[in-house]
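Novice: Please work out how this folds:
(one chain, ligands or ions: 2)
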Amino acid sequence: MASSQLLNSSSLLSKSSSPSSHRHYGCRRLKPSPSIICTAAPSITSPPLPPPLPATYSAKYVPFTSISTGTATSESYSLDEVVYRSRDGGLLDVQHDMDALKQFDGHYWRSLFDSRVGTTRWPYGSGVWSKKEWVLPGIADEDIVSAFEGNSNLFWAERFGKKFLGMNDLWIKHCGISHTGSFKDLGMTVLVSQVNRLRKLNRPLVGVGCASTGDTSAALSAYCAAANIPSIVFLPADKISMAQLVQPIANGAFVLSIDTDFDGCMKLIREITTELPIYLANSLNSLRLEGQKTAAIEILQQFDWEVPDWVIIPGGNLGNIYAFYKGFKMCEELGLVDRIPRLVCAQAQNANPLYRYYKSGWKEFKAVKADDTFASAIQIGDPVSIDRAVYALKNSGGIVEEATEEELMDAMAMADSTGMFVCPHTGVALSALMKLRENGVIKPTDRAVVVSTAHGLKFTQAKIDYHSGKIKEMACRHSNPPVTVKADFGSVMDELKKYLARTR
Ligand SMILES: Cc1ncc(COP(=O)(O)O)c(C=O)c1O
Ligand SMILES: N[C@@H](CCOP(=O)(O)O)C(=O)O
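Specialist: Ligands and ions are numbered 1, 2, ... in the order given. Presented below is the predicted three-dimensional model:
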């Protein structure tokens, strides 16, 4: 098909090129929009792609064990039901009608997704809804609640990679540069859209609720406010950043600050949502992961459908690591790529139940009491998606790493010193990468992607603490405190000379 050939010829240009030319593919601003290419081509050589077939695509909830064990099940639920758990109390998963999706080959899907990049056509300008057929095929476009989330930058971390890791092919997927400043927007647009649909179908849902370490609550309250749906958020008192706390307050959510940790809030919201018609918005609800998985598809798309060797993701409640696995796996199963990357889940040492489980050879999982960590959004000791995470790791040649407080803060500061402004959770992932480079598991020539999960501006207090050099028992080796100087020419000159001598 001619339009696809045109797309392919742009791929060919990149095939033989260096990582630096991939920067143009990573950076959406610079990548020529395929729709522009199609418009410029004479229509005689570029017949349109066959239209997607919305009526034929469908999805339903099935027990996650039927996916993980590959066994058939008669248990399934419509996505219009309010259900979060299987009959035996296990997790659910959204299962797509893969036979329907397989009516078209990988080439078709790649071209279709590429053709939607940069469009303003509702809802396809969203990085999530540009993959609507793979996400929530049954929803009407007018029921979708979207902020055109996704399409986040894939940043070539050239200086960080070369300077600290001897790597030339390191990339940061900036999922935190988003509507509410974290990757949660990707899942929340799907969940809130479905709630919007259910309320229009007169389902008696009085609101949507979540427990949160700060990012889920921000996304939930923003999307609910946009759709005029009440949102209720349970936050662990004094355990989230000020910037995160003010988000649901500003968006008009009902905010409960509760004297417990995230795991305590999670337990409460699960109990409350069984008693009251409040829809549960945490990633226990597998709808969320359908949106989050599109970040994986987007990474492949940004590399012109070349598969990176490694993807490193910070883990807390552990939904996202599975979402990435699912996105990559669907691309493989539907023929868009021929393999999937190896996944690394990175945890803070102070909240590391998955790491301990991994280190025990997957023998016995024990929830932990999570200690305070600068990576406060992953201060979680009893992750609800533990089974999903284990499955994703086992099936992707995955690894689990951990980072101490000092390691994660140093890694964050090192990244910032090369022009980024990342959150402490991204620091955890970068620190894991550094360890895997040091022990030779990740090679200097490997292509690695670190998933940056939140915007650094949500965590300025952690950065202020670090750069003031006043964190107990932390050397803060990369701190860069401001110099206080008298307002006279001589004093300023003296300080400048000292600085310039140091930088020579
Ligand atoms: C900024 C940030 N990074 C990472 C995570 C971990 O994601 P997940 O809970 O899906 O493992 C979270 C939330 O838990 C988060 O808010
Ligand atoms: N970091 C999360 C914790 C809850 O995770 P979820 O994906 O299950 O909602 C947050 O920001 O609340």
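Novice: Just the pLDDT at Met330, thanks.
Specialist: Met330 is assigned a pLDDT of 98 by the prediction.
Novice: mind listing what it touches?
Specialist: Taking Cβ atoms under 8 Å, 6 or more residues apart in numbering as the contact definition, Met330 lies against His96, Trp134, Lys293, Ile297. Just so you know, the C-beta spots here come from the backbone N, C-alpha and C atoms, and that holds for glycine as well.
Novice: How about Ile240: what's its closest non-neighbour residue?
Specialist: Take Ile240 and drop its neighbours on the chain: the residue closest to it by Cβ to Cβ, 6 or more residues apart in numbering is Gly214, 3.7 Å away.
Novice: What of Leu201?
Specialist: Asp80 (6.8 Å).
Novice: Could I get the contacting residues of the one you found?
Specialist: Remark: with contacts taken as Cβ under 8 Å, 6+ apart, Asp80 is in contact with Arg197, Leu198, Leu201, Arg203.
Novice: For the third one, give its distance to ligand 1.
Specialist: When Cβ to the nearest ligand atom, to the nearest Å is the yardstick, Leu201 and ligand 1 sit 29 Å from each other.
Novice: on that earlier part again, is the residue nearest to Leu201 in a helix, a strand, or coil?
Specialist: At Asp80, secondary structure determined by DSSP: H, G, I helix; E, B strand; the rest coil is coil.
Novice: Could you tell me what pLDDT the model assigned to it?
Specialist: For Asp80, the predicted pLDDT is 97.
Novice: What of Leu49?
Specialist: Confidence per residue is given as pLDDT, and for Leu49 that number is 70.
Novice: again with the one 4 residues further on
Specialist: In the prediction, the pLDDT value recorded for Leu53 is 64.
Novice: and Val83, what helix or strand is that in?
Specialist: Counting by DSSP states H and E, there is no helix or strand that carries Val83.
Novice: sorry, back to before: top of the contacts of Asp80 by neighbour count?
Specialist: Arg197 (20 neighbours; other Cβ atoms under 10 Å).
Novice: so who does the residue in the stretch 51-200 of the chain positioned nearest to ligand 2 touch?
Specialist: For the stretch 51-200 of the chain, the residue positioned closest to ligand 2 under Cβ to the nearest ligand atom is Lys184, at a distance of 6.0 Å. In this structure, Lys184 makes contact with Asp215, Thr216, Ala218, Ala219, Leu220, judged by Cβ under 8 Å, 6+ apart.
Novice: Going by the annotation, which residue ranges form each domain of the chain?
Specialist: Listed domain ranges for the chain are 59-96, 154-180+291-468 (source: automatic domain parsing).
Novice: quick one: is the longest one near ligand 1?
Specialist: Looking back up the chat, that one is domain 154-180+291-468. Yes. When contact is scored as Cβ under 6 Å from any ligand atom, part of domain 154-180+291-468 falls within range of ligand 1: 314-320, 377-378, 423, 425, 453-454.
Novice: Span of that domain from start to end?
Specialist: The first and final residues of domain 154-180+291-468 sit 31 Å from each other (Cα to Cα, to the nearest Å).
Novice: What are the buried residues along the helix or strand Arg270 falls within?
Specialist: Element membership for Arg270, per DSSP H and E: helix 262-275. Buried positions in helix 262-275, judged by neighbour count with 16 or more other Cβ atoms under 10 Å: Phe262, Asp263, Cys265, Met266, Leu268, Ile269, Arg270, Ile272, Thr273.
Novice: Out of these, the closest to ligand 1 would be?
Specialist: Proximity of the buried residues of helix 262-275 to ligand 1 was ranked by Cβ to the nearest ligand atom; the top entry is Phe262 with 8.4 Å.
Novice: Would you check how far apart the residue lying closest to Ser86 once chain neighbours are set aside and Gly207 are?
Specialist: With sequence-adjacent residues excluded and distances taken as Cβ to Cβ, 6+ apart, Ser86 is closest to Pro63, at 3.7 Å. Spatial separation of Pro63 from Gly207 under the definition Cβ to Cβ, to the nearest Å is 27 Å.
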